[in-house]
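Trainee: predicted coordinates and the sequence they were generated for:
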Amino acid sequence: MPAVSKGDGMRGLAVFISDIRNCKSKEAEIKRINKELANIRSKFKGDKALDGYSKKKYVCKLLFIFLLGHDIDFGHMEAVNLLSSNRYTEKQIGYLFISVLVNSNSELIRLINNAIKNDLASRNPTFMGLALHCIANVGSREMAEAFAGEIPKILVAGDTMDSVKQSAALCLLRLYRTSPDFVPMGDWTSRVVHLLNDQHLGVVTAATSLITTLAQKNPEEFKTSVSLAVSRLSRIVTSASTDLQDYTYYFVPAPWLSVKLLRLLQCYPPPEDAAVRGRLTECLETILNKAQEPPKSKKVQHSNAKNAVLFEAISLIIHHDSEPNLLVRACNQLGQFLQHRETNLRYLALESMCTLASSEFSHEAVKTHIETVINALKTERDVSVRQRAVDLLYAMCDRSNAQQIVAEMLNYLETADYSIREEIVLKVAILAEKYAVDYTWYVDTILNLIRIAGDYVSEEVWYRVIQIVINRDDVQGYAAKTVFEALQAPACHENLVKVGGYILGEFGNLIAGDPRSSPLIQFNLLHSKFHLCSVPTRALLLSTYIKFVNLFPEIKTTIQDVLRSDSQLKNADVELQQRAVEYLRLSTIASTDILATVLEEMPPFPERESSILAKLKKKKGPGTVTDLEEIKKERNSDVNGGTESTPVNASTVALPDSPLQGSLAELVIGPRPRPSRLNSSHLAIHNLQTGIPPLFKGFFTSKSTPSPSADLLGLGAAPLTSSSPPPSTTGSLLVDVFSDSASVVAPLAPGSEDNFASPDLASSEVVSEEPADTVHDADELIHKFVCKNNGVLFENQLLQIGLKSEFRQNLGRMFIFYGNKTSTQFLNFTPTLICSDELQSSLNLQTKPVDPTVDGGAQVQQVVNIECISDFMEAPILNIQFRYGGTFQNISVKLPITLNKFFQPTEMASQDFFQRWKQLSNPQQEMQNIFKAKHPMDTEITKAKIIGFGSALLEEVDPNPANFVGAGIIHTKTTQIGCLLRLEPNLQAQMYRLTLRTSKETVSQRLCELLSEQF
């Protein structure tokens, strides 16, 4: 930057600032400012033309006055005139004034843009730098539209100076962040990647920031940056601090650039090239080695820079999750930080180890630090560090240490900060359930949890313990005995009363033989708590009393006296009064057989996602350690959630004998239907249950359970032996919004050897031909998975195929699980993806091969990486061929990869929505369908389906509140297609009108077809 001459000191400005500072009151300051404003206005309007110095001085004064909080309504033109000056200081003040005071709607914006264009074209590096800084500081859409095409040219031009390249890269980054649609991808993208090889490290640093942001949205365009980034990183970490003197910070060479390069590499999977991958591994090992070296300086800046690079390197190691040696070394390094005197380091170490705990390679290494983490939980003064310690204990927990960790968390709970107690309660409840080998320990843990932190035990926790006790015959007697003893304490939390009332009402007979817990003692114990409880708990206790009438006829008279009392029959609460009247009448007129039928023991609850786990995920938000743990452990977890890599077989999938009964994929799908035996006598009690918490309002189903092989993958498939249609469920909207059966049960495929394709075909190959077999229930499967990503795709007597998939912009990943339901091996097991020629040009599918032998009772997994090149209409076909018992099997199903999977929701205001709606008014851009409702027209379910379809649900946009409107963008590699939808329900006619408008006719048509089938 040119030096400022003595004449540019602007003495008048210095005097004015001094006068303002010397003002004794606000009124004096305003008076002095008004005087100065009048003087400046007169100078600008005077007949005498002002020279550049005077304009600069007065514009500076206006800028100072504005920064003091006063409005400025003149002087803009004079500032614009300064832009045409050839003096640096005058041009600088002009750009500064414009950056601060001129808004994007100003009438002067055209003049400003012309001045900026002149400076950019001047090839004067100083003026170009000022212009680029102004563009970046304003960063408006108008600026982006005017200059987004010019700046990349400056950036990659061979004659551009290094300082200008830096400014250009950062300016383009700013414009891309504010207006990405105005920054075109073109030839410059391949050239900007090569800036990573630039000699000037300042240019490399700025370019790395730009490339990282661009690569997050367009990874394919910048994948060549990986090898260049690794090369540059290698040169930095292996250099001595003296080699990069200008960019060495307290003996750490180029720490900011190192961090940025490591973040860029986290946008991509591990390099496929062995040489690049080896060089990257060497870099990461060098960084870990340097962390062990004694510090070269005692100053905190040195350790901060060194640790910043180290933690970013560990983040990359965790992201790749492919080098066991590096993962273990990273874990050991973080373990050293757990006892560091610096609080921030302890916090970061705990946070990083939470992620490491979810890796199969480093989980055991993390567990070795359990005592240190427990000690941090007890002694750490900072509450945020203690919370991270709780998160790490939760993440490192498995069956080998579950009891120790749960005990420590319970101990900490007694003194924990109130802000995190509810979260700890949820985690203790989840761990106790997930790793419960001995169910008596589980019951003791939950009751202890209620005793210690009853106010923080949500309904989901005690609902869940009831559900598990009901479903486990072997623990019911112990649970009844334990809650009976717990209720004898003088002061019991109300949640304990709820649990005790429910369990004793169901299983009190199991402990009634002991004189110390006779029926009358049980009743008196519960009734002694009655007057201390809230209305919902009293309602539950009244239901327990009527259950006692059935279980213990000898105390029927005592219970009837209580129900007959004025405090019940004339209760001010209508719910309690109604229960008392109905229960009293039922106990009086019903025969013993009717009572036994109506008040029989509750049947087992259908299994679905633990409501506690769902509540914790909601509380912590997406992307937390809870989600990471589930995703990482999913492939190697047994039914109790351990990390042993055991094949799935009949013993490990005995779902009715496990606490969580199924894998994570099952939890997403919802309950496994059971054969219904609902009859009129069961309906009689249904009305009596009104007011009991939702968990207890289940359908009455038989206690029969499907065979272990009926749901091998744990994906919620209906048992093949079901003799009657399953009852509808009243599950969570997000879990069970689609009421179709969980799988498509197909007959055995023909066993002709003619149906078997070339046995040499690799299982990972995608071929372009028609399948040799009939595609099972093609349209039904496609429609079933339009608004969800997980479930059972196909099932017959031999094979179960499950899916779990995720999509982001134009990329996706699908996990296909093949489960052998028999006890015999599948040989020559060959899954093949079949795409037509047209589909191959629109959809890029890459798969990894699977083992050709699938043992009996085992499952194998195949990963499909998906890239949407352009919009498409049809779906790929999955063809599976294998030999079973000497017979060839050939099965073909359509993979539910539909266009809406690449939908990204877009929020917009009502005005923007209808403005865009009018712009898409051409007949070929609109597709409309009027159709009869196939499902009940429920508002909440409709909202959930629209969100599941991929669109953003826009509230308060349509003038008619009954209508639903949405907006989103279909992302493909070649283009982005905006989409608006409007769904108009007619409740009286039970019909819908669906209107879709996009910029492409085929997209409108396909999306309309897919969404119409959901309602």
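Mentor: Ah, there it is. Numbering: from 1, shown residues only.

Trainee: so which residues of the stretch 801-950 of the chain form helices?
Mentor: 837-842, 910-919, 939-949 (DSSP state H, counting those that start in this stretch).

Trainee: lowest-confidence stretch among these?
Mentor: Note on the helices of the stretch 801-950 of the chain: helix 910-919 shows the lowest mean pLDDT, a mean of 81.

Trainee: what does that helix rub up against?
Mentor: Residues outside helix 910-919 that contact it (CB atoms under 8 Å, 6 or more residues apart in numbering) are 908, 954, 956-957, 965, 967, 978, 980, 982, 997. Yep, even glycine has a C-beta here, placed from its N, CA and C like the rest.

Trainee: quick one: buried residues of that helix?
Mentor: 913-914, 917 (16 or more other CB atoms under 10 Å).

Trainee: okay, those in a markdown table with distance to Tyr583 next?
Mentor: Shown next, in a markdown table, are those (distance: CB to CB, whole Å):
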| residue | distance to Tyr583 |
| --- | --- |
| Phe913 | 54 |
| Phe914 | 57 |
| Trp917 | 58 |
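
Trainee: ok, back up a step: got TSV for the contacts of helix 910-919, with secondary structure too?
Mentor: Shown next, in TSV, are these (DSSP: H, G, I helix; E, B strand; the rest coil):
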residue	secondary structure
Met908	coil
Leu954	strand
Glu956	coil
Val957	coil
Val965	strand
Ala967	strand
Gly978	strand
Leu980	strand
Arg982	strand
Arg997	strand
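
Trainee: contact partners for Val499?
Mentor: By CB under 8 Å, 6+ apart, the neighbours of Val499 are 446-447, 450, 462, 465-466, 483.

Trainee: from Phe523, how far out is it?
Mentor: 17 Å (CB to CB, to the nearest Å).

Trainee: so Thr212 sits right up against Cys267, yeah?
Mentor: Yes. Contact criterion CB atoms under 8 Å: Thr212 and Cys267 qualify, at 6.5 Å.

Trainee: nearest to Gln928, out of the helices of the stretch 801-950 of the chain?
Mentor: helix 910-919 (13.0 Å; CB to CB).

Trainee: tell me the gap between that closest one and the middle of its chain.
Mentor: 30 Å (CA atoms, centre = their mean, to the nearest Å).

Trainee: hey, C-alpha coordinates of it in PDB?
Mentor: Output of helix 910-919 as PDB, limited to C-alpha atoms (Å, rounded to 0.1, in the frame of the first residue of the first chain):
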ATOM      1  CA  SER A 910     -45.100 -15.500   0.500                       C
ATOM      2  CA  GLN A 911     -44.300 -12.600  -1.900                       C
ATOM      3  CA  ASP A 912     -41.300 -14.400  -3.300                       C
ATOM      4  CA  PHE A 913     -43.300 -17.700  -3.700                       C
ATOM      5  CA  PHE A 914     -46.100 -16.200  -5.700                       C
ATOM      6  CA  GLN A 915     -43.700 -14.000  -7.800                       C
ATOM      7  CA  ARG A 916     -41.800 -17.100  -8.700                       C
ATOM      8  CA  TRP A 917     -45.100 -19.000  -9.300                       C
ATOM      9  CA  LYS A 918     -46.100 -16.400 -11.900                       C
ATOM     10  CA  GLN A 919     -42.800 -16.700 -13.600                       C
END
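
Trainee: before we move on, the earlier item: show me which of the buried residues of helix 910-919 is closest to Arg516.
Mentor: Phe913 (69.5 Å).

Trainee: what bits of the stretch 51-200 of the chain have low per-residue confidence?
Mentor: Within the stretch 51-200 of the chain, the segments meeting pLDDT under 70 span 104-106.

Trainee: tell me which stretches of it form helices.
Mentor: So, for the stretch 51-200 of the chain - with DSSP H, counting those that start in this stretch - the helices run 52-67, 76-82, 88-101, 109-121, 125-138, 141-147, 151-156, 162-178, 188-193.

Trainee: helix 88-101 and the fifth one, what's the angle between them?
Mentor: Which is helix 125-138. Counting by axes from the mean of the first three to the mean of the last three CA atoms, to 10 degrees, helix 125-138 lies at 10 degrees to helix 88-101.

Trainee: dihedrals phi and psi, Glu955?
Mentor: Backbone geometry at Glu955, expressed as degrees, to the nearest 10, gives phi -90, psi 150.

Trainee: what's around it, how many residues?
Mentor: Glu955: 12 surrounding residues under other CB atoms under 10 Å.

Trainee: for the buried residues of helix 910-919, which one is nearest Leu576?
Mentor: Phe913 (49.3 Å).

Trainee: returning to what we had before: CSV please, covering the helices of the stretch 801-950 of the chain and showing distance to Gln301.
Mentor: Shown next, in CSV, are the helices of the stretch 801-950 of the chain (distance: least, CB to CB, whole Å):
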stretch, distance to Gln301
helix 837-842, 53
helix 910-919, 47
helix 939-949, 48
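
Trainee: out of these, nearest to Pro536?
Mentor: Comparing the helices of the stretch 801-950 of the chain against Pro536 with CB to CB, the closest turns out to be helix 939-949 (23.6 Å).

Trainee: how distant is the closest one from the center of its chain?
Mentor: 18 Å.

Trainee: could you do stretch 208-226 as well?
Mentor: 23 Å.

Trainee: for it, what does the pLDDT average out to?
Mentor: Mean predicted confidence for stretch 208-226 is 90.

Trainee: so how far is the first residue of that stretch from its last?
Mentor: Using CA to CA, to the nearest Å, the end-to-end distance of stretch 208-226 comes to 11 Å.

Trainee: list of residues touching it?
Mentor: 169-170, 172-173, 176-177, 180, 185, 189-190, 192-193, 196, 229, 257, 260-261, 263-265, 267-268, 271, 276, 809, 811, 867, 973.

Trainee: which of those residues are buried? Put it as a PyMOL command.
Mentor: In PyMOL, a selection of the buried entries from the contacts of stretch 208-226 looks like this (16+ other CB under 10 Å):
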select buried, resi 169+170+172+173+176+189+192+193+196+229+257+260+261+263+264+265+267+268+271+276+809+811+867+973
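
Trainee: let me know the helix or strand that Lys260 is in.
Mentor: helix 255-265 (DSSP states H and E).

Trainee: could the helices of the stretch 51-200 of the chain go into CSV alongside distance to Arg564?
Mentor: CSV is the format used below for the helices of the stretch 51-200 of the chain (distance: least, CB to CB, whole Å):
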stretch, distance to Arg564
helix 52-67, 80
helix 76-82, 87
helix 88-101, 81
helix 109-121, 84
helix 125-138, 80
helix 141-147, 76
helix 151-156, 86
helix 162-178, 73
helix 188-193, 84
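
Trainee: between these, which one is closest to Lys556.
Mentor: Among the helices of the stretch 51-200 of the chain, helix 162-178 sits nearest to Lys556 (CB to CB), with 74.1 Å.

Trainee: from the contact counts, what lies against the closest one?
Mentor: helix 125-138, helix 141-147, helix 151-156, helix 201-217 (3 or more CB pairs under 8 Å, 6 or more residues apart in numbering; DSSP states H and E).

Trainee: and these as CSV, adding distance to Arg110?
Mentor: As requested, the helices and strands packed on helix 162-178 are exported to CSV (distance: least, CB to CB, whole Å):
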stretch, distance to Arg110
helix 125-138, 14
helix 141-147, 9
helix 151-156, 19
helix 201-217, 28
